[in-house]
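*Asks:* below is the sequence, then the predicted model.
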Amino acid sequence: IYPGAITINRGLEILIDSAAHFDNAVAVIMGYARNKVYHEELIERARERGVLNRTLFFREAVPIDKVVEYVASADLGVVPTQNVCLSYFYESSNKIFHCMMAGVPLAMSDHAEKRQLVEDHGIGVLFDETDPVAIAASINGILADQAQYDAMSQNCLDAARTMNWEHEEHKLRTMFARLIGDQLPPVPPVTPHTAVPDIVTLRRMPGIPAS
(Lines give C-alpha, C1' and ligand atoms only; values in the text may rest on other atoms or scores of the structure.)
Protein backbone atom coordinates (compact mmCIF):
# COMPACT_ATOMS: atom_id res chain seq x y z
CA ILE A 1 0.00 0.00 0.00
CA TYR A 2 1.01 3.59 -0.71
CA PRO A 3 -0.87 5.73 1.85
CA GLY A 4 -0.25 9.36 1.02
CA ALA A 5 -0.73 12.36 -1.23
CA ILE A 6 -1.35 11.56 -4.88
CA THR A 7 0.93 14.11 -6.47
CA ILE A 8 3.99 14.46 -8.67
CA ASN A 9 7.45 13.16 -7.78
CA ARG A 10 6.12 10.57 -5.33
CA GLY A 11 7.03 7.80 -7.77
CA LEU A 12 3.46 6.75 -8.44
CA GLU A 13 4.03 6.37 -12.17
CA ILE A 14 6.90 3.97 -11.49
CA LEU A 15 4.85 2.10 -8.89
CA ILE A 16 2.09 1.64 -11.47
CA ASP A 17 4.62 0.28 -13.96
CA SER A 18 6.05 -2.06 -11.34
CA ALA A 19 2.63 -3.67 -10.80
CA ALA A 20 3.06 -5.53 -14.09
CA HIS A 21 5.95 -7.44 -12.51
CA PHE A 22 4.38 -8.63 -9.25
CA ASP A 23 4.51 -12.35 -8.53
CA ASN A 24 1.75 -12.68 -5.96
CA ALA A 25 0.75 -9.20 -4.86
CA VAL A 26 -1.39 -6.20 -5.65
CA ALA A 27 -0.67 -2.54 -4.92
CA VAL A 28 -3.08 0.02 -3.51
CA ILE A 29 -2.59 3.77 -3.97
CA MET A 30 -4.67 5.35 -1.22
CA GLY A 31 -4.81 9.10 -0.82
CA TYR A 32 -6.12 12.49 -1.86
CA ALA A 33 -5.33 14.05 -5.24
CA ARG A 34 -5.63 17.82 -5.29
CA ASN A 35 -4.89 17.77 -9.02
CA LYS A 36 -7.73 15.72 -10.49
CA VAL A 37 -6.22 15.80 -13.98
CA TYR A 38 -3.04 14.19 -12.66
CA HIS A 39 -5.11 11.59 -10.82
CA GLU A 40 -6.93 10.68 -14.03
CA GLU A 41 -3.60 10.46 -15.84
CA LEU A 42 -2.39 7.91 -13.29
CA ILE A 43 -5.58 5.88 -13.66
CA GLU A 44 -5.21 5.94 -17.44
CA ARG A 45 -1.57 4.88 -17.15
CA ALA A 46 -2.61 1.91 -15.04
CA ARG A 47 -5.30 1.05 -17.58
CA GLU A 48 -2.80 1.23 -20.46
CA ARG A 49 -0.37 -1.01 -18.58
CA GLY A 50 -3.12 -3.57 -18.03
CA VAL A 51 -2.85 -3.44 -14.23
CA LEU A 52 -5.85 -1.30 -13.23
CA ASN A 53 -8.07 -3.22 -10.82
CA ARG A 54 -5.95 -6.30 -11.42
CA THR A 55 -2.66 -5.79 -9.65
CA LEU A 56 -3.13 -2.10 -8.85
CA PHE A 57 -6.06 -0.34 -7.18
CA PHE A 58 -6.87 3.25 -6.29
CA ARG A 59 -8.68 4.11 -3.05
CA GLU A 60 -9.91 7.41 -1.64
CA ALA A 61 -8.14 9.04 1.29
CA VAL A 62 -9.35 8.15 4.77
CA PRO A 63 -9.41 10.35 7.91
CA ILE A 64 -5.98 10.72 9.47
CA ASP A 65 -7.03 8.85 12.61
CA LYS A 66 -7.98 5.85 10.45
CA VAL A 67 -4.81 5.64 8.36
CA VAL A 68 -3.01 3.15 10.61
CA GLU A 69 -6.07 0.89 10.65
CA TYR A 70 -6.17 0.78 6.85
CA VAL A 71 -2.41 0.36 6.56
CA ALA A 72 -2.60 -2.57 8.98
CA SER A 73 -4.87 -4.40 6.54
CA ALA A 74 -2.01 -4.45 4.02
CA ASP A 75 1.11 -6.58 4.05
CA LEU A 76 3.64 -3.99 2.92
CA GLY A 77 4.12 -0.24 2.71
CA VAL A 78 5.70 1.22 -0.43
CA VAL A 79 7.43 4.62 -0.49
CA PRO A 80 8.80 5.27 -4.02
CA THR A 81 9.58 8.99 -3.54
CA GLN A 82 11.76 10.35 -6.34
CA ASN A 83 15.11 12.07 -5.73
CA VAL A 84 14.21 15.42 -7.29
CA CYS A 85 15.42 17.73 -4.51
CA LEU A 86 17.25 17.66 -1.18
CA SER A 87 13.96 17.84 0.70
CA TYR A 88 12.77 14.59 -0.87
CA PHE A 89 16.17 12.93 -0.56
CA TYR A 90 16.38 13.60 3.18
CA GLU A 91 12.69 13.30 4.12
CA SER A 92 11.20 10.59 6.28
CA SER A 93 7.50 10.93 5.57
CA ASN A 94 4.54 10.29 7.85
CA LYS A 95 3.59 7.22 5.83
CA ILE A 96 6.76 5.48 7.01
CA PHE A 97 5.75 5.89 10.64
CA HIS A 98 2.14 4.91 9.95
CA CYS A 99 3.46 1.63 8.55
CA MET A 100 5.78 1.13 11.50
CA MET A 101 2.91 1.66 13.95
CA ALA A 102 0.88 -0.94 12.04
CA GLY A 103 3.71 -3.48 12.05
CA VAL A 104 3.85 -3.33 8.25
CA PRO A 105 7.34 -3.64 6.70
CA LEU A 106 8.42 -1.13 4.07
CA ALA A 107 9.95 -1.12 0.61
CA MET A 108 11.39 2.35 0.04
CA SER A 109 13.55 4.54 -2.17
CA ASP A 110 17.24 4.30 -1.35
CA HIS A 111 17.58 7.78 0.14
CA ALA A 112 19.59 9.00 3.13
CA GLU A 113 17.07 8.95 5.99
CA LYS A 114 15.20 5.93 4.68
CA ARG A 115 18.46 3.99 4.44
CA GLN A 116 19.27 5.01 8.01
CA LEU A 117 15.94 3.67 9.24
CA VAL A 118 16.45 0.37 7.43
CA GLU A 119 20.03 -0.03 8.64
CA ASP A 120 19.31 0.97 12.24
CA HIS A 121 15.95 -0.73 12.75
CA GLY A 122 15.56 -3.40 10.06
CA ILE A 123 12.08 -2.22 9.09
CA GLY A 124 12.25 -3.09 5.40
CA VAL A 125 14.25 -2.95 2.18
CA LEU A 126 15.45 -0.31 -0.26
CA PHE A 127 15.13 -0.08 -4.04
CA ASP A 128 16.12 2.05 -7.02
CA GLU A 129 13.05 4.27 -7.24
CA THR A 130 13.57 4.86 -10.97
CA ASP A 131 13.35 1.17 -11.91
CA PRO A 132 9.91 -0.51 -11.85
CA VAL A 133 11.46 -3.97 -12.13
CA ALA A 134 13.65 -3.29 -9.09
CA ILE A 135 10.64 -2.07 -7.11
CA ALA A 136 8.67 -5.20 -7.98
CA ALA A 137 11.65 -7.41 -7.11
CA SER A 138 11.88 -5.81 -3.66
CA ILE A 139 8.17 -6.31 -3.04
CA ASN A 140 8.23 -9.89 -4.33
CA GLY A 141 11.30 -10.68 -2.24
CA ILE A 142 9.83 -9.52 1.08
CA LEU A 143 6.54 -11.30 0.54
CA ALA A 144 8.27 -14.54 -0.49
CA ASP A 145 10.38 -14.82 2.67
CA GLN A 146 8.06 -15.34 5.64
CA ALA A 147 10.82 -15.45 8.25
CA GLN A 148 12.32 -12.18 7.02
CA TYR A 149 8.87 -10.62 6.80
CA ASP A 150 7.94 -11.59 10.36
CA ALA A 151 11.23 -10.19 11.67
CA MET A 152 10.73 -6.90 9.85
CA SER A 153 7.15 -6.65 11.09
CA GLN A 154 8.30 -7.03 14.68
CA ASN A 155 11.12 -4.55 14.08
CA CYS A 156 8.53 -2.01 12.91
CA LEU A 157 6.54 -2.38 16.12
CA ASP A 158 9.67 -2.19 18.25
CA ALA A 159 10.84 0.98 16.50
CA ALA A 160 7.38 2.57 16.80
CA ARG A 161 7.55 2.30 20.58
CA THR A 162 10.27 4.94 20.67
CA MET A 163 9.93 6.76 17.33
CA ASN A 164 6.67 8.53 18.17
CA TRP A 165 5.42 11.86 19.51
CA GLU A 166 5.01 10.64 23.08
CA HIS A 167 8.71 9.84 23.18
CA GLU A 168 9.94 12.83 21.15
CA GLU A 169 7.79 15.26 23.16
CA HIS A 170 9.71 14.35 26.29
CA LYS A 171 13.06 15.15 24.64
CA LEU A 172 11.78 18.34 23.02
CA ARG A 173 10.21 19.74 26.17
CA THR A 174 13.31 18.88 28.18
CA MET A 175 15.49 20.76 25.68
CA PHE A 176 13.24 23.83 25.75
CA ALA A 177 13.12 23.74 29.55
CA ARG A 178 16.92 23.92 29.64
CA LEU A 179 16.97 26.80 27.15
CA ILE A 180 14.47 28.99 29.03
CA GLY A 181 15.46 28.08 32.55
CA ASP A 182 12.99 25.34 33.47
CA GLN A 183 9.98 27.63 33.10
CA LEU A 184 7.89 25.04 31.25
CA PRO A 185 5.37 22.86 33.09
CA PRO A 186 6.73 19.46 34.18
CA VAL A 187 7.46 17.09 31.32
CA PRO A 188 4.80 14.35 31.23
CA PRO A 189 6.04 10.78 31.56
CA VAL A 190 6.64 8.80 28.40
CA THR A 191 3.83 6.32 27.67
CA PRO A 192 5.09 4.35 24.66
CA HIS A 193 2.33 1.77 24.85
CA THR A 194 -0.14 4.34 23.54
CA ALA A 195 1.84 4.70 20.32
CA VAL A 196 1.36 1.15 19.07
CA PRO A 197 -2.19 -0.04 18.33
CA ASP A 198 -3.51 -3.54 18.85
CA ILE A 199 -2.29 -5.04 15.59
CA VAL A 200 -4.14 -8.32 16.09
CA THR A 201 -7.42 -6.42 16.29
CA LEU A 202 -6.58 -4.23 13.30
CA ARG A 203 -5.72 -7.17 11.08
CA ARG A 204 -9.16 -8.65 11.73
CA MET A 205 -10.81 -5.56 10.27
CA PRO A 206 -12.24 -5.79 6.74
CA GLY A 207 -9.71 -3.97 4.59
CA ILE A 208 -8.43 -3.31 1.12
CA PRO A 209 -6.60 -5.86 -1.05
CA ALA A 210 -3.24 -6.90 0.39
CA SER A 211 -0.23 -5.10 -1.03
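*Replies:* Done, it's in.
*Asks:* in this structure Ala24 contacts Leu143, no?
*Replies:* For the record, residue 24 is Asn, not Ala. Yes: when contacts are counted by C-beta atoms under 8 Å, Asn24 is listed as touching Leu143 (6.6 Å). Quick note: C-beta positions are derived from backbone N, CA and C, even for glycine.
*Asks:* these two - which one has more neighbours?
*Replies:* Higher neighbour count among Asn24 and Leu143: Leu143, with 20 against 10, using other C-beta atoms under 10 Å.
*Asks:* check which helix or strand covers that one.
*Replies:* Element membership for Leu143 (DSSP states H and E) is helix 132-144.
*Asks:* now do Ser92
*Replies:* Assessed by DSSP H and E, Ser92 sits outside every helix and strand.
*Asks:* what sits against the nearest residue to it once chain neighbours are set aside?
*Replies:* Distance criterion C-beta to C-beta, 6 or more residues apart in numbering; nearest residue to Ser92, sequence neighbours excluded, is Glu113 at 4.3 Å. Contact analysis of Glu113 by C-beta atoms under 8 Å, 6 or more residues apart in numbering lists 90-92.
*Asks:* which of those residues are buried?
*Replies:* Among the contacts of Glu113, those scoring as buried are 91-92 (criterion: 16 or more other C-beta atoms under 10 Å).
*Asks:* could I get the average pLDDT for stretch 25-42?
*Replies:* Here stretch 25-42 scores 97 as its mean pLDDT.
*Asks:* which stretches of the protein form helices?
*Replies:* 12-18, 36-49, 67-71, 86-90, 94-101, 112-121, 132-144, 146-160, 165-179, 199-203 (DSSP state H).
*Asks:* JSON lines for those, including distance to Glu60?
*Replies:* Output for the helices of the chain, formatted as JSON lines (distance: least, C-beta to C-beta, whole Å):
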{"stretch": "helix 12-18", "distance to Glu60": "15"}
{"stretch": "helix 36-49", "distance to Glu60": "11"}
{"stretch": "helix 67-71", "distance to Glu60": "11"}
{"stretch": "helix 86-90", "distance to Glu60": "25"}
{"stretch": "helix 94-101", "distance to Glu60": "16"}
{"stretch": "helix 112-121", "distance to Glu60": "26"}
{"stretch": "helix 132-144", "distance to Glu60": "23"}
{"stretch": "helix 146-160", "distance to Glu60": "25"}
{"stretch": "helix 165-179", "distance to Glu60": "26"}
{"stretch": "helix 199-203", "distance to Glu60": "19"}
